[in-house]
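Asker: Predicted model and sequence below, questions to follow.
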2 protein chains.
Amino acid sequence: MTNPTPSPVPTLRDVAQAAGVHTATASRALNPKTRQQISAETARRVMRAAQALGYQPNSVARSLKTSRSATVGLVIPDLTNPLFPPIVRGVESVLESDGYNVWIVNTDNDEERERAKIESLRSRQVEGLIVATARLDHPLLRQLHEQGVAMVLINRQVPDLPIPAVTGDDATGVAAAVGHLAELGHTRIAHLSGPLGTSTGRVRAQAFRHAVRDHGLADDPALVIECARWSEEDGAAALRELLARTTGFTAVVAGNDLIALGCYDVFAESGLSCPGDISVIGFNDMPFLDKLRPPLTTVAVPHHELGAEAARMLLDRIDDPGRPARSVLLPVTLVVRGSTAPPPGHHHEAADATASPPPAHPGNATAPST
Amino acid sequence: MTNPTPSPVPTLRDVAQAAGVHTATASRALNPKTRQQISAETARRVMRAAQALGYQPNSVARSLKTSRSATVGLVIPDLTNPLFPPIVRGVESVLESDGYNVWIVNTDNDEERERAKIESLRSRQVEGLIVATARLDHPLLRQLHEQGVAMVLINRQVPDLPIPAVTGDDATGVAAAVGHLAELGHTRIAHLSGPLGTSTGRVRAQAFRHAVRDHGLADDPALVIECARWSEEDGAAALRELLARTTGFTAVVAGNDLIALGCYDVFAESGLSCPGDISVIGFNDMPFLDKLRPPLTTVAVPHHELGAEAARMLLDRIDDPGRPARSVLLPVTLVVRGSTAPPPGHHHEAADATASPPPAHPGNATAPST
DNA sequence: TCGTTTCCCGCAAACGATTGCGTTGGCTAG
DNA sequence: CTAGCCAACGCAATCGTTTGCGGGAAACGA
């Protein structure tokens, strides 16, 4: 079966003609902002005609004339990272209620693709960009900023550029994670950092070392290792390398949840038990973590709010480009699940002296695995 | 810090002026298809000028003139469903290499939002639509089809409309799932179907009843229950209701993975053990299922290929709207993990008579059943 | 030398909307 | 009765490209 022949789509001229008025009049009648310039009677006639013809204004023509588009671009490094879809929803929730459309593009962490997609967005007159792909050194973003493009960064920032950003409070989150592990009795804690070319990677890594020192624990450079990307595979690779070259650590705080998942893979292949032999903490609290084996202890960032706040800031910026670029840090919370427990052989002040399951935590507390 | 003043973006006229030619000449010089109409020398001059000015063609103006846009819309019901991001990647992979842009929109399963977003896509002159939101009765899709919009459905179809679709082989997948459970010794198997207003929901439900009969098992209508949406919450609700009104079933095949995850929630709250007391099979094999507790047995559909094939079909359709609308069914495979085991008290022909853990399947063990 | 072809390139009309400005007609005020 | 005003609407330019068409000049054959 083939497609029916496309019926010609009605234009403003058709509407005007049907209503017996000039296109200018039709245009004004159809636009609520200008409708009061038109007599009620004529306006009604035009709107009826539009209705009857099924008229839909051509946004392309409108954009060309007005150089606006009611559209903003959302630049995501990797849609398959479950962190991002909730953020996207957050962005959409506020932008849509404001009449904006959101154009989502996926760069796959590829610089060339990023450039191409952003270029394509710009050439379509998007009115602003929400960017989740920021790297510490990011010439493209610098250039866009210099060209006066309205932008808000999300989840990551680029410190040298005065672009507003909304991120989770990485430092506090990592400190909470380390604190939790220290409290459980761990003394040698490793960190599988995310890419140090991203602010999140670097900030979390720095916060890790600070926290470790603050707790009087081993601050051994050999205990932190960088993952090339924020992925399960790279997390696994990093942990393998760490296991090969260092020993004696009983816990790892991962740069994010995916890296933590990579650890799970290594545990499975090497026969290590989590949290029996080694504890893990993730970052982000992406969906479904509570159903893992073991449920992953992690630092929860408010995904939806992250997106929503970024969207609000972008709107502010669009209708007043001159305003100062404040950045916001959203509060995070440690959510303790089953992947953290006292280190093997640890003597807790309580009775049991073996590597027993961790104390059941109320609420999210899923049963700890042995 | 505020934004710098936006520098005026160069237009084709600027380029032409800089190169000392007419805009028409500049246009032709910049377009590879028409460049041979221009002397090599002039073309070089124009291209150099464009380069120097940092000229980027204005797609809006181009679209207005040509009524093309090199853009297709991708309509997703719920981006937070991990099934979709890999599909998106599949779509992008083929469309991008063909010079197309992909505009992803998220309808949140809301009919009004869907209409608005599709309208917005159309008014932007997208050249085609890949739609993952199809319902069995879908007036909007019918209307679009009648207007001659190039479309391809993905993952779901609408049977009455001759729109090409690419989906997984739902019937075979469900049959494999039921077969696997039957082989394990289950005789009363329940089905938590997806919404019966979607083809996937209905096809899988029908296939379930067929499969159950084919294996000579109980075909009790009380054993199938419909979930209102493809979500964890609705899966949980459905299983709760089923547990309340029926007993004696030892396995459930869920309409998809999210519904299966809902079952996990119910198990946790009701103290049931999976797979000890009850087995579960999902559908789709979305990411991270292998890390669940227990790892979810499911039917894997080729996400990436699903998207890629849909994109290819759309391209075909765009440059030849007249071609017949063939639909394709992509093969699926049962991947057996840890959420399925013999029913409690089942005497297997092998030695052990208790509800022991399932035989360890090596790796991802995509052992095709029967 | 004179057509005729070929090669480059410019002219101008679109595409479909928005909007500043001008024009019209009806009304009030002086 | 005329000046002045306002409301309602039309005119035409414009946004930045693309593209059919035509023209001028060079090249070619006879």
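Answerer: Here it is on my side, so go on.

Asker: Show me the helices in the stretch 201-350 of chain A, by range?
Answerer: Counting by DSSP state H, counting those that start in this stretch, the segments of the stretch 201-350 of chain A that form helices are A:232-245, A:257-270, A:303-319.

Asker: Just put the ones you listed in JSON lines and tack on mean pLDDT and distance to A:Ala40.
Answerer: For every residue, glycine as well, the C-beta is placed using N, CA and C. JSON lines is the format used below for the helices of the stretch 201-350 of chain A (pLDDT from 0 to 100; distance: least, Cβ to Cβ, whole Å):
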{"stretch": "helix A:232-245", "mean pLDDT": "96", "distance to A:Ala40": "63"}
{"stretch": "helix A:257-270", "mean pLDDT": "96", "distance to A:Ala40": "58"}
{"stretch": "helix A:303-319", "mean pLDDT": "96", "distance to A:Ala40": "30"}
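
Asker: out of those, nearest to DNA strand C?
Answerer: Between DNA strand C and the helices of the stretch 201-350 of chain A, the tightest spacing by Cβ to the nearest atom of the strand is seen for helix A:303-319, at 15.0 Å.

Asker: Mind giving me the packing neighbours of the closest one?
Answerer: The criterion is 3 or more Cβ pairs under 8 Å, 6 or more residues apart in numbering or on different chains; DSSP states H and E, and the helices and strands that helix A:303-319 contacts are strand A:71-76, helix A:84-96, strand A:128-131, strand A:151-154, strand A:165-168, strand A:328-330.

Asker: at 7 Å what do you get?
Answerer: Using 3 or more Cβ pairs under 7 Å, 6 or more residues apart in numbering or on different chains; DSSP states H and E as the contact definition, the elements that helix A:303-319 packs against are helix A:84-96, strand A:128-131, strand A:151-154, strand A:165-168, strand A:328-330.

Asker: sorry, back to before: of the helices of the stretch 201-350 of chain A, flag the one that's most buried.
Answerer: Comparing the helices of the stretch 201-350 of chain A by mean neighbour count (mean count of other Cβ atoms under 10 Å in any protein chain shown), helix A:257-270 ranks first with a mean of 22.

Asker: give me the number of residues near A:Glu112?
Answerer: The number of residues packed near A:Glu112 is 9, by other Cβ atoms under 10 Å in any protein chain shown.

Asker: pLDDT score assigned to it?
Answerer: Reading off the per-residue confidence, A:Glu112 sits at a pLDDT of 94.

Asker: ok, now how distant is it from B:Trp103?
Answerer: Counting by Cβ to Cβ, to the nearest Å, the gap from A:Glu112 to B:Trp103 is 20 Å.

Asker: Quickly list what the residue of the stretch 151-300 of chain A found nearest DNA strand D is bridged to.
Answerer: Relative to DNA strand D, the nearest point of the stretch 151-300 of chain A is A:Met151 (21.3 Å; Cβ to the nearest atom of the strand). Per DSSP bridges, the residues bridged to A:Met151 are A:Leu129.

Asker: Surely it is in contact with A:Leu140?
Answerer: No - contact criterion Cβ atoms under 7 Å: A:Met151 and A:Leu140 do not qualify, at 10.9 Å.

Asker: For these two, work out which one has more neighbours and name it.
Answerer: A direct count of neighbours by other Cβ under 10 Å for A:Met151 and A:Leu140 places A:Met151 higher, at 25 against 16.

Asker: distance of that one from A:Val126?
Answerer: Noted for A:Met151: a distance of 11 Å to A:Val126, by Cβ to Cβ.

Asker: Skip the chain neighbours and tell me the closest residue to the residue in the stretch 101-250 of chain A that DNA strand D sits nearest to.
Answerer: With Cβ to the nearest atom of the strand, the shortest gap between the stretch 101-250 of chain A and DNA strand D falls at A:Ser123, namely 8.3 Å. When the adjacent residues along the chain are set aside, A:Ser123 lies closest to B:Ser59, with 4.2 Å between them (Cβ to Cβ, 6 or more residues apart in numbering or on different chains).

Asker: my guess is that neighbour meets A:Gln125, correct?
Answerer: No - contact between B:Ser59 and A:Gln125 fails when scored by Cβ under 7 Å: they sit 8.2 Å apart.

Asker: Who has more neighbours out of those two?
Answerer: Neighbours around B:Ser59 and A:Gln125, counted as other Cβ under 10 Å, are more numerous at B:Ser59. The numbers are 23 against 20.

Asker: What's the local residue count around the residue of the stretch 101-250 of chain A closest to DNA strand D?
Answerer: The number of residues packed around A:Ser123, counting by other Cβ under 10 Å, is 18.

Asker: wait, what's in contact with it?
Answerer: A:Ser123 makes contact with B:56-59, according to Cβ atoms under 7 Å, 6 or more residues apart in numbering or on different chains.

Asker: Now flag whichever of these is closest to DNA strand C.
Answerer: Nearest to DNA strand C out of the contacts of A:Ser123 is B:Asn58 (Cβ to the nearest atom of the strand; 11.1 Å).

Asker: Need phi/psi at that closest one.
Answerer: The phi and psi values for B:Asn58, taken as degrees, to the nearest 10, are phi -90, psi 110.

Asker: For A:Leu261, give me its contacts.
Answerer: For A:Leu261, the residues meeting the contact criterion (Cβ under 7 Å, 6+ apart) are A:232, A:235, B:288, B:291.
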